[in-house]
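Chemist: Have a look; sequence and predicted model below, questions after that.
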Amino acid sequence: MFVWEDDLYYSCTTCDVEFHKDCYSEPKKLIHPYHLQHPLDLIDGKNEAESSKCTWCGSNPTRYYYRCSICSFCLDIYCSYKFPSLTITNPKSHHHLLSLFPRPLLVPCDACGSINRSDPSYACFQCNYMVHVSCINLPRVIKLTRHHHRLSHTPYLSPSSYSCRVCHKNVDDKYGQYSCNQETCSYVAHSKCASHKEVWDGRELEWEPEEPDNSENVAPFKKIGDSLIEHFCHEHHLRLEKYKDLGDDDQEDKQCHACVLPIDSRDFYNCTQCGFSLHEVCANLPRELDHALHKHKLFLDTSPQEVYDDMSCSVCQQRFSGFRYKCKDKNCLLSDIFRIHVGCISLPDYFTHKSHGHPLCFPILELRHKEKIICKVCKKHCSLSHLQCSTTCEFDLCYRCATFPSEVRYKHDKHPLSLCYGEETSDGNKYWCDICEKELDSTEWFYTCDKCCVTIHLDCIFGSSIYMKPGFTFRYISFKVKVLRNNSNTRLICDGCEHRCSAHVYYEVHWYRYEFVSCSLECLEQRINGCLGKIRKRKLSL
């Protein structure tokens, strides 16, 4: 026996034959429930002139597989590990005994309406009822964060035109689906979509009492006077104020402490004693909510996150310094804590974006229409969450681009800049960015003022740190990092890329004898990792 890459295997010392430890123990002959009428022989595909496909799942087997010498029935190693029971008594999904159907089910399952030939199936021949083994124990009553009512599994729906509210595809009313318990509600979801591990929290609620709605007991603030509130996140009283004009320098620098976007044109709450500010809409953020982006209830966390690794949004992957919603479920706490910033939580799971003619939806990762997702706007890979067209369009949008504000203020223009979603054709005119003074592609997204002919790149108006607030301090490993406003007439030189800091913020580090400035978080990471590398080399040389 030998070891290779932590895997035990057997090797013949005479000829060139090797076996994994598990494969070596496979029987040479097998009687399997999928093919009870004939025995199956273990075949070495290396000695076969033609490759065979697994009769059960349709995939091409690895080197070793089982085959019937009488009828050429083929079963790959992975399918041979499945030994389902021949009968199931008292199944959850049906009132009669179910018998194993020893063939791939090539018709829709009566419990979910889908076809999956690799999933073993059972049948009730008395009722002509066919069901996947994975659908036999589907929960009868569940609750999803995508809907405010409970859902019940029903064997069929009343004839009508239905759309699944999870994947937004058509629902066949002849088969089992989940529907809302409320008679006046038309919410429907496919059985597989509603019970998916990314959508459902795994709790069966058939015998559980309804939980009371405590939303009124967790209001974010209470009114204490005319336009005056006491918000749970701040120790002072906040007063509702009207946005005046950019002529006020103090107001120009104001940013909302929740979403970290500027206080530009909307009413806002201002602290009566310090510089704390909140957009009116951000002050009304609920302290707890359900959202389609996560299967557990989320809770509003307003405390400063001072550790760099805790500042990343689980949805858009951007670092941020504002408020966040976090999951407190013990299973999430044991793995990777789910946290999402205010910008991403504000987007519903199904809506029409101004950049596209069809509604966009948030897909289940395992059910995405393709493996590698590229954002239509920034052309970057959507590593985790994204939005896709609910029709057959090849349109995908990352959450970073989807949350760009439709209007922004620019200090050198008295008008608000509007987000242009790209011009279909170029008329020959060249556009130039007012910040970097480089040419701008008019077919891509950019900010513009039609009255003043101002055009600006998205990255130039925001930089790579759109959600980092000046004055915020955090810790990267043992380095203390300050976020500073970049509003001086002379822009500093980044000690990383050696370009001028052009974004609205820059980062300053003081750590023992190390002092440097970074224009972005990317340069900050590279610079700090470089410092740590020098320290390690110095220690090794001692």
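Modeler: Arrived safely, thanks for sending.
Chemist: in the chain, which ranges drop under the pLDDT threshold?
Modeler: Along the chain, segments meeting pLDDT under 70 span 1-25, 49, 51, 213-217, 244-252, 334, 365-371, 425-427, 542.
Chemist: What are the structural domain limits within it?
Modeler: Split into domains by automatic domain parsing, the chain comes to 2-80, 141-194, 223-283, 288-345, 350-402, 407-462, 473-541.
Chemist: Of all these, which one comes closest to Lys92?
Modeler: domain 141-194 (9.6 Å; C-beta to C-beta). Using the backbone N, CA and C atoms, a C-beta is placed for each residue, glycine as well.
Chemist: what's the straight distance from one end of the closest one to the other?
Modeler: 11 Å (C-alpha to C-alpha, to the nearest Å).
Chemist: how much distance is there from that domain to the middle of the chain?
Modeler: Centroid separation for domain 141-194 versus its chain: 22 Å, with C-alpha atoms, centre = their mean, to the nearest Å.
Chemist: The closest residue in space to Leu440 that isn't next to it in sequence and Ile456: what is the separation?
Modeler: Nearest non-adjacent residue to Leu440, counting by C-beta to C-beta, 6 or more residues apart in numbering: Tyr431, 4.1 Å away. To Ile456, Tyr431 is 10 Å away according to C-beta to C-beta, to the nearest Å.
Chemist: Same question for Cys282.
Modeler: For Cys282 relative to Ile456 (C-beta to C-beta), the value is 25 Å.
Chemist: same thing with Gly471?
Modeler: Noted for Gly471: a distance of 25 Å to Ile456, by C-beta to C-beta.
Chemist: Output stretch 379-396 as CSV, restricted to C-alpha atoms.
Modeler: Output in CSV follows, covering the C-alpha atoms of stretch 379-396 (Å, rounded to 0.1, in the frame of the first residue of the first chain):
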residue,chain,number,x,y,z
LYS,A,379,-16.6,43.3,-17.0
LYS,A,380,-15.4,41.7,-13.7
HIS,A,381,-16.2,38.2,-12.5
CYS,A,382,-19.2,37.9,-10.2
SER,A,383,-17.7,35.6,-7.6
LEU,A,384,-20.8,35.1,-5.4
SER,A,385,-24.0,37.0,-5.6
HIS,A,386,-25.3,38.8,-8.7
LEU,A,387,-28.5,39.8,-10.5
GLN,A,388,-29.5,38.2,-13.8
CYS,A,389,-32.2,38.8,-16.3
SER,A,390,-35.4,36.9,-15.5
THR,A,391,-35.9,36.0,-19.2
THR,A,392,-33.4,34.4,-21.6
CYS,A,393,-31.2,37.5,-22.0
GLU,A,394,-27.5,37.1,-21.3
PHE,A,395,-27.5,40.1,-18.9
ASP,A,396,-25.8,39.9,-15.6
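Chemist: List of residues touching that stretch?
Modeler: 168, 293, 314-317, 344, 347, 350, 353, 356, 358-363, 365, 368-369, 372-376, 397-399, 402 (C-beta atoms under 8 Å, 6 or more residues apart in numbering).
Chemist: Kindly report the same for stretch 124-136.
Modeler: Under C-beta under 8 Å, 6+ apart, the answer for stretch 124-136 is 84, 88, 91-94, 96-99, 101, 105, 107, 109-112, 116, 119-123, 176, 191.
Chemist: Restricting to C-alpha, output it in CSV.
Modeler: Extracted C-alpha coordinates of stretch 124-136, given in CSV (Å, rounded to 0.1, in the frame of the first residue of the first chain):
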residue,chain,number,x,y,z
CYS,A,124,-47.3,3.8,-6.2
PHE,A,125,-48.8,1.8,-9.1
GLN,A,126,-52.2,1.9,-7.5
CYS,A,127,-52.3,5.7,-7.9
ASN,A,128,-49.9,6.1,-10.8
TYR,A,129,-47.8,8.2,-8.5
MET,A,130,-44.1,8.7,-9.2
VAL,A,131,-41.7,10.5,-6.8
HIS,A,132,-38.0,11.1,-6.5
VAL,A,133,-36.4,9.7,-3.4
SER,A,134,-35.2,13.2,-2.6
CYS,A,135,-38.9,14.4,-2.7
ILE,A,136,-40.4,11.7,-0.5
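Chemist: Show me which residues of that stretch are buried.
Modeler: Using 16 or more other C-beta atoms under 10 Å as the test for burial, stretch 124-136 gives Cys124, Tyr129, Met130, Val131, His132, Val133, Ser134, Cys135, Ile136.
Chemist: do the same with stretch 184-191
Modeler: Going by 16+ other C-beta under 10 Å, stretch 184-191 has these buried residues: Tyr187, Val188, Ala189, His190, Ser191.
Chemist: And for stretch 445-465?
Modeler: 445-449, 454-458, 460-465.
Chemist: what's the answer for stretch 327-346, then?
Modeler: Neighbour counts over stretch 327-346 (16+ other C-beta under 10 Å) mark Cys327, Asp329, Cys332, Phe338, Arg339, Ile340, His341, Val342, Gly343, Cys344, Ile345 as buried.
Chemist: Name the nearest of the residues you listed relative to Glu204.
Modeler: For the buried residues of stretch 327-346, the nearest to Glu204 is Asp329 (16.4 Å; C-beta to C-beta).
Chemist: residue contacts, the closest residue in space to the closest one that isn't next to it in sequence?
Modeler: In space, and not counting its chain neighbours, Asp329 is closest to His296: 4.2 Å by C-beta to C-beta, 6+ apart. His296 sits next to Thr145, Asp201, Cys327, Lys328, Asp329, Cys332, Phe338 when contact means C-beta under 8 Å, 6+ apart.
Chemist: can you put the residues you listed in a markdown table and add distance to Glu424?
Modeler: Formatted as a markdown table, these follow (distance: C-beta to C-beta, whole Å):
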| residue | distance to Glu424 |
| --- | --- |
| Thr145 | 38 |
| Asp201 | 44 |
| Cys327 | 42 |
| Lys328 | 47 |
| Asp329 | 46 |
| Cys332 | 44 |
| Phe338 | 39 |
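Chemist: Cross those against helices and list the overlap.
Modeler: Cys332 (DSSP state H).
Chemist: What about the contacts of His296, which are in strands?
Modeler: Residues of these located in strands (DSSP state E): Cys327.
Chemist: gap between Ile88 and Phe101?
Modeler: On the measure of C-beta to C-beta, Ile88 and Phe101 end up 12 Å apart.
Chemist: Please identify every residue contacting each of the two.
Modeler: Counting by C-beta under 8 Å, 6+ apart, the common neighbours of Ile88 and Phe101 are Tyr122.
Chemist: Helices of the stretch 351-500 of the chain, start to end?
Modeler: For the stretch 351-500 of the chain, applying DSSP state H, counting those that start in this stretch gives helices covering 399-402, 458-462.
Chemist: which helix is the longest one in the chain?
Modeler: Secondary structure of the chain per DSSP H: the longest helix is helix 521-541.
Chemist: What would that one look like as PDB? C-alpha coordinates only.
Modeler: In PDB, the C-alpha atoms belonging to helix 521-541 read as follows (Å, rounded to 0.1, in the frame of the first residue of the first chain):
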ATOM      1  CA  LEU A 521      -7.400  49.400  -0.200                       C
ATOM      2  CA  GLU A 522      -5.600  47.300  -2.900                       C
ATOM      3  CA  CYS A 523      -2.400  49.400  -2.500                       C
ATOM      4  CA  LEU A 524      -2.800  49.400   1.300                       C
ATOM      5  CA  GLU A 525      -2.900  45.500   1.300                       C
ATOM      6  CA  GLN A 526       0.200  45.300  -1.000                       C
ATOM      7  CA  ARG A 527       2.100  47.800   1.100                       C
ATOM      8  CA  ILE A 528       1.400  46.200   4.500                       C
ATOM      9  CA  ASN A 529       2.100  42.700   3.200                       C
ATOM     10  CA  GLY A 530       5.400  44.100   1.800                       C
ATOM     11  CA  CYS A 531       6.200  45.500   5.300                       C
ATOM     12  CA  LEU A 532       5.400  42.200   6.900                       C
ATOM     13  CA  GLY A 533       7.600  40.400   4.400                       C
ATOM     14  CA  LYS A 534      10.600  42.600   5.200                       C
ATOM     15  CA  ILE A 535      10.100  42.000   8.900                       C
ATOM     16  CA  ARG A 536      10.000  38.300   8.400                       C
ATOM     17  CA  LYS A 537      13.200  38.400   6.400                       C
ATOM     18  CA  ARG A 538      14.900  40.500   9.000                       C
ATOM     19  CA  LYS A 539      13.900  38.000  11.800                       C
ATOM     20  CA  LEU A 540      15.300  35.100   9.700                       C
ATOM     21  CA  SER A 541      18.600  36.800   9.200                       C
END
